[in-house]
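**Student:** sequence and predicted structure below; questions after.
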Amino acid sequence: MSEAVIRCAARSPERGFHRAWLVPCVVAIANLVMIDLAAAETLPEALVKAYQTNPQLNAERARQRGTDENVPQALAGYRPQIVASLSAGLQAVRNLLPDNTVQSATLRPWTIGVTVSQILYNGNKTANSVRVAEFQVKSGREALRNVGQGVLLDAVTAYMNVLANQAQVEAQRTNVTVLREIQATTKRRLDAGDVTPTDTAQAESRLSRGLADLNAAEVALAISKETYAQVIGQPPSQLIAASTVDNLSPNALASSIDTANHENPAVLGATFDVDVATTTISVAESSLLPTLSVQGSVSRQIQSDPTLSTSATDQASVIGQLNVPIYDGGAAPSQIRQAKELSSQSRLVLEQIRNQTRTAVASAWVSNEGTKVALTAAESEMRAAGIALQGVRREAAGGQRTTIDVLNAQQDLTNARMRLIQSQRDRVIASYTLLSAVGRLDVHVLNLNTPDYLPELHYHQVRDAWHGVRTPSGQ
């Protein structure tokens with residue numbers, strides 16, 4: 001609270017509240033509200049920061065950009081290979097001629113040439129390698145989306161943990177304040193002879209427990225703030241209560257499972273992995289098929305003739321080559337059998353992931369429904385505990401209740417408040433967990449105010465690149 005607001009609040013009634021004080025007070029209060037709003041942070045804003053700055057997510061994006069490069073590497077099989085060569089040196093020559101004369105010389109041979117090779121047919125190995133690379137890119141995009149969902153869910157959990165721990169610290173501070181008042185009242189009544197030393201000891205014991213609980217809550221808050229900074233990218237400011245996202249998830253368990261089978265990134269990624277493994281069989285089978293290539297070359301050789309009959313030689317050639325594999329010691333058949341087994345494994349992994357996703361959706365659905373019941377029960381418990389504490393206090397004032405009854409009622413109210421805070425936290429996290437399980441926890445569905453990271457953009461930038469070592473980002 002600003003100094004002007006403090007002066008307004010501290011203005012004594014008997015001195016009056018003149019009109020001259022009105023404008024400064026209103027301005028100060030307005031400024032305070034604006035500062036609070038500027039410092040406040042909502043859950044969507046925290047999710048935006050995590051989406052933009054989380055190192056785990058950015059690392060996964062870099063991995064995906066690396067996976068994109070598999071496609072131009074595979075496409076290189078369609079393109080010619082050009083090699084330029086240059087060699088130079090010294091060569092001493094001593095020739096014995098038929099007439100027994102000796103011919104000697106020191107040559108400085110050098111050769112320059114260019115060779116162009118082009119594969120015309122390699123058993124469709126290049127075509128299938130391109131297909132494998134394309135499927136790897138699609139699988140990698142789903143893996144990136146899965147990591148993005150995990151980061152956003154971690155951000156929600158970190159946000160709600162800080163929010164809940166802050167509320168729990170405040171609840172424990174309130175509890176300690178009340179326990180101090182009860183202890184002070186008990187001491188006064190002890191001095192007046194209304195209670196026994198046992199009542200005072202009980203009040204002191206509960207106060208010590210309250211201080212320990214406050215310390216534990218403060219420790220939990222400090223830990224949750226550090227986790228928040230790790231996930232979100234900066235320490236938490238003033239957090240605002242978050243709402244659930246039940247309206248973004250299917251409204252029935254069966255439809256949630258069906259949606260997860262079509263939208264969950266883990267399932268979709270495993271489906272593309274099956275395509276990768278199946279196409280890899282065709283790549284391995286190409287080793288059994290003939291390969292047809294053509295090679296053209298031009299070269300010039302200077303002082304390379306040891307007979308000393310020519311000083312320079314120019315050559316140009318075009319050569320077609322057909323290679324037919326007959327026997328390679330069994331390596332190619334083994335690779336084919338291996339690819340088939342890996343394909344079978346990928347199908348079994350896909351079925352396993354589908355089962356795991358189905359279980360995760362069912363668990364998230366049941367948990368989400370359970371948090372609704374738990375929250376309603378916690379709210380009822382909170383109201384009842386408050387009413388009970390008021391009644392016990394009145395009865396204790398009338399001599400019908402003891403100090404321990406008041407302490408127990410206060411502890412029940414504090415426990416109820418803590419359970420309510422935990423239920424509110426669990427309620428929000430459960431709704432986001434269900435949204436993640438069905439595969440819809442992303443910036444589009446949440447309508448977050450941030451530009452979406454599009455992996456397709458980098459893919460199209462590098463897919464048809466014939467040369468250049470700089471990345472699209474300039475590295």
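**Tutor:** Alright, I've got the coordinates.
**Student:** could you identify the helix or strand that succeeds the host helix or strand of F135?
**Tutor:** Using DSSP states H and E, F135 sits within helix 125-192. Toward the C-terminal end, the helix or strand that comes next after helix 125-192 (DSSP H and E) is helix 197-232.
**Student:** buried stuff in that following helix?
**Tutor:** Along helix 197-232, these residues count as buried under the neighbour rule (16 or more other C-beta atoms under 10 Å): 199-200, 202-203, 206-207, 210, 213-214, 217, 220-221, 224-225, 227-228, 231-232. To be clear about C-beta, it is placed using only N, CA and C from the backbone, and glycine gets the same treatment.
**Student:** where do the helices sit along the chain?
**Tutor:** Taking DSSP state H as the criterion, the chain contains helices spanning 3-10, 22-39, 43-53, 55-68, 70-75, 125-192, 197-232, 253-263, 265-285, 331-397, 403-437, 443-446, 455-462.
**Student:** quick one: closest of those helices to Q295.
**Tutor:** For these, proximity to Q295 was assessed by C-beta to C-beta; helix 125-192 is nearest, at 17.0 Å.
**Student:** OK, contacts around A133?
**Tutor:** Taking C-beta atoms under 8 Å, 6 or more residues apart in numbering, we find A133 in contact with N70, V71, Q73, A74.
**Student:** from the residues you listed, which is closest to R188?
**Tutor:** Ranking the contacts of A133 by separation from R188, with C-beta to C-beta as the measure, puts N70 on top at 79.8 Å.
**Student:** count of residues packed around that closest one?
**Tutor:** The burial count assigned to N70 is 18, neighbours taken as other C-beta atoms under 10 Å.
**Student:** look up the closest residue to it, ignoring the ones flanking it.
**Tutor:** Computed as C-beta to C-beta, 6 or more residues apart in numbering, the closest residue to N70 that is not its neighbour in sequence is A133, at 3.9 Å.
**Student:** do S287 as well
**Tutor:** Once flanking residues are discounted, S287 sits nearest to A332: 3.9 Å by C-beta to C-beta, 6+ apart.
**Student:** likewise for E45?
**Tutor:** Distances taken as C-beta to C-beta, 6+ apart place N449 nearest to E45, at 8.0 Å, with adjacent residues excluded.
**Student:** C-alpha coordinates for stretch 467-475, PDB please?
**Tutor:** Presented in PDB, the C-alpha positions along stretch 467-475 are these (Å, rounded to 0.1, in the frame of the first residue of the first chain):
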ATOM      1  CA  HIS A 467      23.700 -26.400 -51.100                       C
ATOM      2  CA  GLY A 468      24.600 -24.100 -48.200                       C
ATOM      3  CA  VAL A 469      25.800 -24.900 -44.700                       C
ATOM      4  CA  ARG A 470      24.000 -22.200 -42.800                       C
ATOM      5  CA  THR A 471      20.800 -23.100 -41.100                       C
ATOM      6  CA  PRO A 472      17.600 -21.000 -41.800                       C
ATOM      7  CA  SER A 473      18.200 -19.200 -38.500                       C
ATOM      8  CA  GLY A 474      21.700 -18.100 -39.700                       C
ATOM      9  CA  GLN A 475      23.900 -20.500 -37.800                       C
END
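**Student:** mean confidence score for that stretch?
**Tutor:** If you average the pLDDT over stretch 467-475, you get 77.
**Student:** what's the answer for stretch 438-446, then?
**Tutor:** 94.
**Student:** which parts of it are buried?
**Tutor:** Using 16+ other C-beta under 10 Å as the burial criterion, the residues of stretch 438-446 that qualify are V438, G439, R440, L441, D442, V443, L446.
**Student:** alpha carbons of that stretch, as PDB, please.
**Tutor:** Output of stretch 438-446 as PDB, limited to C-alpha atoms (Å, rounded to 0.1, in the frame of the first residue of the first chain):
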ATOM      1  CA  VAL A 438      -6.800 -36.900 -25.000                       C
ATOM      2  CA  GLY A 439      -4.100 -35.000 -26.900                       C
ATOM      3  CA  ARG A 440      -5.600 -31.500 -26.900                       C
ATOM      4  CA  LEU A 441      -3.300 -29.600 -24.600                       C
ATOM      5  CA  ASP A 442      -1.800 -27.100 -27.100                       C
ATOM      6  CA  VAL A 443      -1.800 -23.400 -27.800                       C
ATOM      7  CA  HIS A 444      -4.600 -23.700 -30.400                       C
ATOM      8  CA  VAL A 445      -7.100 -25.400 -28.100                       C
ATOM      9  CA  LEU A 446      -6.100 -23.200 -25.200                       C
END
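**Student:** done for today, thanks.
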